[in-house]
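> Below are the sequence and a predicted model for it; my questions follow.
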Amino acid sequence: MAALTQKPTRQGGHHSNQPEEIIQYTKGLRIMAEDLLTRIKRQGVILGDGGYLIELERRGYVDTGSGREKVGTGRGSGQYTPEVAIEHPEALRELHREFLRAGSQALQALTFFGTREKLTRAGFGEQTEAINEAAVRIAREVARDQALVAGSVSRTQLFERQGPSAAGFVRGLLAEQIRLLQKAGVDFLILETFFHLEEMLIGLECARDSKLLVVATMSFRPRATECSDGHSVAECARAMVAAGASVVGANCEQEPERMLPILREMRKAVAVPLAAQPAAFRTTDEIPCFTRMSQFPDHLETLQVSRQSFSDFAARARAEGIGYLGGCCGCNAAYIRSLAAGLKTAAAGASSSPV
């Protein structure tokens, strides 16, 4: 690991005669050795990636489960489960490449819905370790020295199905997956798309033993003003920071314009950097979450928002306290490119402003 922090040798105050590309490569390795918080502090905003499962469903590699009477009843009955990591690894690898080419500085391993219980219901429980390990390996192969790799940990769906009585089972599932991700070598964790604060806090408790930096993002449903177990946006932010999250925010369900008020409530409540990963689907005042819209899951194209909304959102990110910026469901590489363009526009404007 010493090579990761080794500086190019100097002679007489100048670089040695190493080729410039070698010097730049070494520089890149030093940057990757920084943790996420250090990079946010140095750079201001880190650009993440977009949504994987819905994009891979559009490409024919993931199933929505909408065509079946029952989902989660055995092999081949999954609903947005990540077995593509072992079934079609090249499809996943290509999507990572597209995000990286678009400007992503952090790639998420496709381990969303990767707990043993969820995979067992889809018929892949015995491959839990293999799926999580393969997803991290594929992301790392693409990221190399150009991007950090995050392990994605999502809600288990057990709180929706069983309520708080599932807490003990949930704890075991999340703890196991986090151990698998740590062993596979992720740089940090993203705990995302949690509807219940209680389940998020269990996840953060499980993450403590890993010593990995955690980005924690809630999804607000059915109302954009509180999570599913009735806690306000500000209460969620404060609780996540108290439980050990280094970056907190919101992901999925809302498009950028509707997510912005959520982030502002968090900004007033906590001092840590914010994370924002909006969906690319239009919602309404009456139904402010796209997964509750009648178009979900098979007619989402009719709700697709313009890439311009993401570019505009990115241009405001630094001023809103957003340190980690990416996209969620519906965001392919074109949306990440738009986020990158918005960040570039903002940076150019800041540099040209009078001191």
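Okay, I see it.
> Going by C-alpha atoms from here, please, whenever you check contacts or count neighbours.
OK.
> Would you agree Leu191 falls within a strand?
Yes. Assessed with DSSP: H, G, I helix; E, B strand; the rest coil, Leu191 lies in a strand.
> Just to check, it is in contact with Leu212?
No. Using CA atoms under 8 Å, Leu191 is not in contact with Leu212, being 11.6 Å away.
> which one of those two has more residues nearby?
Neighbours per residue, other CA atoms under 10 Å: of Leu191 and Leu212, the larger number sits with Leu191, 25 against 17.
> Would you check how far apart Glu301 and Leu180 are?
Distance of Glu301 to Leu180, given as CA to CA, to the nearest Å: 35 Å.
> residue ranges of the helices in the stretch 201-350 of the chain, please?
For the stretch 201-350 of the chain, helices defined by DSSP state H, counting those that start in this stretch occupy the ranges 233-242, 256-269, 307-315, 333-352.
> in the stretch 1-150 of the chain, which spans are strands?
Taking DSSP state E, counting those that start in this stretch to define them, one finds strands in the stretch 1-150 of the chain at 10-11, 14-15, 46-47, 106-109, 148-154.
> so which of those gets nearest Glu257?
Closest approach to Glu257 among those (CA to CA): strand 46-47, 18.3 Å.
> Spatially nearest residue to Ala175 (excluding sequence neighbours)?
Distances taken as CA to CA, 6 or more residues apart in numbering place Cys206 nearest to Ala175, at 5.0 Å, with adjacent residues excluded.
> Check Met293 too.
In space, and not counting its chain neighbours, Met293 is closest to Ile287: 6.8 Å by CA to CA, 6+ apart.
> May I have the residues that are in contact with the one you found?
Counting by CA atoms under 8 Å, 6 or more residues apart in numbering, Ile287 touches 222-223, 293.
> Recalculate using a threshold of 10 Å.
With contact taken as CA atoms under 10 Å, 6 or more residues apart in numbering, Ile287 is in contact with 221-224, 254, 293-294.
> same check, this time on Lys344
Neighbouring residues of Lys344 by CA under 10 Å, 6+ apart: 311, 314-315, 338, 350.
> Any of the residues you listed buried? List them.
Burial by neighbour count, judged by 16 or more other CA atoms under 10 Å, picks out 311, 314-315, 338 from the contacts of Lys344.
> picking that back up, pLDDT at the residue nearest to Ala175, what is it?
At Cys206, the model reports a pLDDT of 98.
> same check, this time on the one 5 residues further on
The score at Lys211 is 95. That number is its pLDDT.
> burial count for it?
Burial measure for Lys211: 9 neighbouring residues, criterion other CA under 10 Å.
> pretty sure it contacts Gln182?
Yes. With contacts counted by CA atoms under 10 Å, Lys211 reaches Gln182, the gap being 9.0 Å.
> Report the set of residues contacting both of those two.
Overlap of the contact sets of Lys211 and Gln182 (by CA under 10 Å, 6+ apart) consists of Phe188.
> if we can go back for a sec, out of the contacts of Ile287, who has the most neighbours?
Counting neighbours by other CA under 10 Å, Gln254 comes out on top of these with 30 neighbours.
> Would you mind measuring from that residue to Pro222?
11 Å.
> Give me the common contacts of the two.
Residues touching both Gln254 and Pro222 (CA under 10 Å, 6+ apart): 287-291.
> Let me have these in JSON lines, adding distance to Leu100 and pLDDT as columns.
Formatted as JSON lines, the shared contacts of Gln254 and Pro222 follow (distance: CA to CA, whole Å; pLDDT from 0 to 100):
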{"residue": "Ile287", "distance to Leu100": "33", "pLDDT": "98"}
{"residue": "Pro288", "distance to Leu100": "30", "pLDDT": "98"}
{"residue": "Cys289", "distance to Leu100": "28", "pLDDT": "98"}
{"residue": "Phe290", "distance to Leu100": "26", "pLDDT": "98"}
{"residue": "Thr291", "distance to Leu100": "27", "pLDDT": "97"}
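> so which of the residues you listed comes closest to Lys118?
Lys118 lies nearest to Thr291 out of the shared contacts of Gln254 and Pro222, by CA to CA, at 18.8 Å.
> count of neighbours near the closest one?
Thr291: 18 surrounding residues under other CA under 10 Å.
> wait, what's in contact with it?
Taking CA under 10 Å, 6+ apart, we find Thr291 in contact with 221-222, 252-254, 281, 283, 297, 300.
> wait, which of those is closest to Val136?
Checking the contacts of Thr291 against Val136 by CA to CA gives Cys252 as the nearest, at 21.8 Å.
> Fine, thanks again, bye for now.
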